[in-house]
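K.L.:
Below is the sequence, then the predicted model.
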Amino acid sequence: MTDDLPPGRAAGAGEPAGDPPAAHPAPEALPPAVGRGGRRRDQALALGWLVAIWLLLWGDLSWGNLLAGLVIGAAVLLFFPLPPVTFGGRLRPGALLVLGVTFAGELVSASLHVAAVALRPGYRPRGAVIAVPLRVRTDLNLALTAEVISLVPGTLILEVDRDRGVLYVHVLDVRGPEDLTASRERVLAVERRVVRAVGSPAEVRQLSLEPVDRRNHP
């Protein structure tokens with residue numbers, strides 16, 4: 001992305017005689033602001049999720065619980081307002097299907113592996129913590145990738161470095177350096193599937209870049 005340049009001057013103003021006026025690129029367009037209708041829609045969706053969570057916590061669908069959920073959800077949105085969040089990505093049904101099918105396969109495979117480790121007599125598996133810098137550092141990508149990794153048995157997210165885009169992952173049954181490399185590649189593969197499913201075109205292009213360890217670099 002290029003730096004912003006000062007607006008262009010009038011033709012010939014301050015330019016040497018005979019030289020054409022300097023051309024300046026158009027200023028970069030700002031992202032669209034969230035309108036009142038969009039904010040109300042987001043608040044309505046948030047209220048719906050809060051009410052659904054309230055009903056799930058009580059485990060009873062009744063008019064009393066529904067009304068209480070609406071009142072408490074509205075109070076949460078009123079007294080603890082969240083900043084407006086816009087989704088700049090693009091939903092791709094084919095990539096979403098690949099993400100879901102691959103996740104289901106990894107869930108079964110990892111469950112069988114953890115069960116085999118737990119049932120092996122006298123075997124004490126070794127664990128390790130690895131730092132995996134992601135290529136797309138948006139909050140959505142960090143959250144979705146961390147959730148998918150944590151739901152697979154044998155891997156657990158210990159910490160998320162939001163500023164540097166690094167996930168710290170605990171992996172089970174590490175026998176050598178090749179297992180650490182394979183674990184990092186699995187995390188990056190999950191990130192690739194997540195971004196291809198819901199990321200913007202610019203974020204998809206970032207997947208071609210090599211991941212950089214940002215722990216020691218700004």
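P.N.:
Thanks, I have it.
K.L.:
next SSE after the helix of greatest length in the chain?
P.N.:
Longest helix in the chain, counting residues (DSSP state H): helix 93-119. Downstream of helix 93-119, the first helix or strand assigned by DSSP states H and E is strand 128-133.
K.L.:
Just checking: what are the partner strands of that next one?
P.N.:
Within its sheet, strand 128-133 is paired with strand 166-171 (antiparallel), according to DSSP bridges.
K.L.:
What helices and strands are in contact with the helix or strand following the strand it pairs with?
P.N.:
Remark: after strand 166-171, the chain's next helix or strand is helix 177-198, criterion DSSP H and E. For helix 177-198, the packing partners by 3 or more CB pairs under 8 Å, 6 or more residues apart in numbering; DSSP states H and E come out as helix 93-119, strand 128-133, helix 139-151, strand 166-171, helix 201-206. Every residue, glycine included, has its C-beta placed from N, CA and C.
K.L.:
for this structure, what are the low-confidence residue spans?
P.N.:
Per-residue confidence for the chain (pLDDT under 70) gives these ranges: 1-38, 82-87, 211-218.
K.L.:
which residue is nearest the centroid of the chain?
P.N.:
Note on the chain: the residue nearest the mean C-alpha position is Asn141, at 1.5 Å, using CA atoms, centre = their mean.
K.L.:
ok, that one touching Val195?
P.N.:
Yes. Checked against CB atoms under 8 Å, the pair Asn141 and Val195 is within contact range at 6.0 Å.
K.L.:
any shared contact partners between these two?
P.N.:
Both Asn141 and Val195 are contacted by Glu203, under the criterion CB atoms under 8 Å, 6 or more residues apart in numbering.
K.L.:
thinking again about what came up before, separation between the residue nearest to the centre of the chain and Leu55?
P.N.:
As judged by CB to CB, to the nearest Å, Asn141 and Leu55 stand 30 Å apart.
K.L.:
same check, this time on Arg40
P.N.:
23 Å.
K.L.:
neighbour count winner among these two?
P.N.:
Leu55 (16 against 10; other CB atoms under 10 Å).
K.L.:
Test my guess that the more buried one contacts Asn65.
P.N.:
Yes. The criterion here is CB under 8 Å, and Leu55 meets it with Asn65 at 5.8 Å.
K.L.:
Tell me which helix or strand Ile48 sits in.
P.N.:
One thing to correct before we go on: residue 48 is Gly, not Ile. helix 36-58.
K.L.:
Counting by contacts, list what that helix packs against.
P.N.:
helix 63-79.
K.L.:
For the residue nearest to Ser111 when sequence neighbours are not counted, give me its contacts.
P.N.:
Of all residues not flanking Ser111 in the chain, Pro153 sits nearest, at 5.1 Å (CB to CB, 6 or more residues apart in numbering). Contact analysis of Pro153 by CB under 8 Å, 6+ apart lists 107, 110-111, 113-114.
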